[in-house]
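Q: For reference, the sequence and a predicted model appear below.
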Amino acid sequence: MSIETQSRAALAELIALLREVDEHWCGPDRNLHSVADVAGSHRALMHILEASLVGYFDQDAGNPDFRRIVTPGRKLTGDNSDAIYFDAPLSPEYSYVIHGNMQGAVYFSLTIEEGAAQGHIAKNTAGVINDTDLEIDSNGNFTVYLGGEPRTSNWLALSSEASRVTTRHYFEHARPAAMDPDLEPRMRIECLDNPDIPAPPSDDSVAAGIRRVCNAVRSRTLEMPALASGELPAFMALTPNEFPQPQTPGNFGLAAFDAHYSLAPFFINQDEDLVITGRWPDCRFGNVCLWNSFQQTFDYTSRSVSLNRRQTSLEKDGSFRMILAHEDPGLPNWLDTEGNLFGMVFWRFFLVEGEAQTPQATVVKFADIKI
């Protein structure tokens, strides 16, 4: 007879949840009808499960540490080939200090997330500080304080719902920064007013960790609304090949106040490609990424599935012309679809000065554009 424990009960809940996700998120309920669709959903589920175990199984807001959210092999919630993200748990009961380094990034920010307690996905962004607001030394080092008594600089308040801190380092290199181990920032977070030494693992603490993993998986699968259901943020569109005006996201969860976003699906037949024209705005960082329908980037380790400003060849007038196609057209600025007829195109621009021009897209026959 097995020993009955809280951890065993929590593990049974996780197993039951995975079965429920398989039945309702990995099938017709989410308009998935082909073998490739289901396999893609299972791959996305495994990445979500891995991220949930890394980020939420062992967590303590009184003794936090930074964990990397996404990697080239762990993709979820709209990862980015040119960015490196970390997060850590918080509690408004405490105050914190963060020591970090710019690591050569063209943009850094730190945001406070609300609604992310116990593994749930963040609902709101409740504060942001970026590198223009920070005192940074000549070696790129900085210190940021969270919560506690207000400070004149390098400080963010913690709201009563503050539950997580997210850091963003963005790079514009010739190769995707997310796959370069030398660019991974070194940061640490310390709780300033919790004198307690963490207790050893127990049945209750292990069960609580498993249930946080359950919350993380559920909130990123079954509880995620389908794109076509409900009201979308203004920076998101449903019409294929038509981008909305880039705009700031407000306090949308897991977003940055000082970014402009534009997201739309692409759809092209096997003999077609999508010609995208526009201009990079005057900004600190800009790039475009291709995602699948599960908000995972395509394979940027071996394919050209994203472009930042440094990687983009410009026309004589300073504009760009990108070619989203299933095979190499022999022209600059190819965005490789990996053979997918459908996917998502996501634009990010940080610290925009003036107006961000809306990229324009036109479907053309591949034979008419190939060299």
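A: Yep, that arrived. Numbers count the residues shown, from 1 in each chain.
Q: Quick check: which ranges of the stretch 1-150 of the chain have low pLDDT?
A: The stretch 1-150 of the chain contains residues with pLDDT under 70 at 1.
Q: Helices of that one, start to end?
A: 6-24, 35-52 (DSSP state H, counting those that start in this stretch).
Q: Alpha carbons of the first one, in PDB - could you do that?
A: What it means is helix 6-24. C-alpha atoms of helix 6-24 as PDB (Å, rounded to 0.1, in the frame of the first residue of the first chain):
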ATOM      1  CA  GLN A   6       0.100  15.700   0.400                       C
ATOM      2  CA  SER A   7       2.800  15.500  -2.300                       C
ATOM      3  CA  ARG A   8       1.200  12.300  -3.700                       C
ATOM      4  CA  ALA A   9      -2.200  14.000  -3.800                       C
ATOM      5  CA  ALA A  10      -0.700  17.100  -5.600                       C
ATOM      6  CA  LEU A  11       1.100  14.800  -8.100                       C
ATOM      7  CA  ALA A  12      -2.200  13.100  -8.900                       C
ATOM      8  CA  GLU A  13      -3.700  16.600  -9.500                       C
ATOM      9  CA  LEU A  14      -0.800  17.300 -12.000                       C
ATOM     10  CA  ILE A  15      -1.300  14.100 -13.800                       C
ATOM     11  CA  ALA A  16      -5.000  14.700 -14.100                       C
ATOM     12  CA  LEU A  17      -4.400  18.200 -15.300                       C
ATOM     13  CA  LEU A  18      -2.100  17.000 -18.100                       C
ATOM     14  CA  ARG A  19      -4.800  14.600 -19.200                       C
ATOM     15  CA  GLU A  20      -7.300  17.400 -19.200                       C
ATOM     16  CA  VAL A  21      -5.000  19.700 -21.200                       C
ATOM     17  CA  ASP A  22      -4.400  16.900 -23.700                       C
ATOM     18  CA  GLU A  23      -8.200  16.400 -24.100                       C
ATOM     19  CA  HIS A  24      -9.300  20.000 -24.300                       C
END
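Q: ok now that helix, how far from the chain's centre?
A: 26 Å (CA atoms, centre = their mean, to the nearest Å).
Q: Equivalent analysis for the shortest one, please.
A: In terms of CA atoms, centre = their mean, the centre of helix 35-52 is set 16 Å apart from its chain centre.
Q: OK, contacts around the closest residue to Asp271 other than its chain neighbours?
A: Spatial nearest neighbour of Asp271, excluding adjacent residues (CB to CB, 6 or more residues apart in numbering): Phe366 at 5.5 Å. Yep, even glycine has a C-beta here, placed from its N, CA and C like the rest. Taking CB atoms under 8 Å, 6 or more residues apart in numbering, we find Phe366 in contact with 271-273, 325-327, 329.
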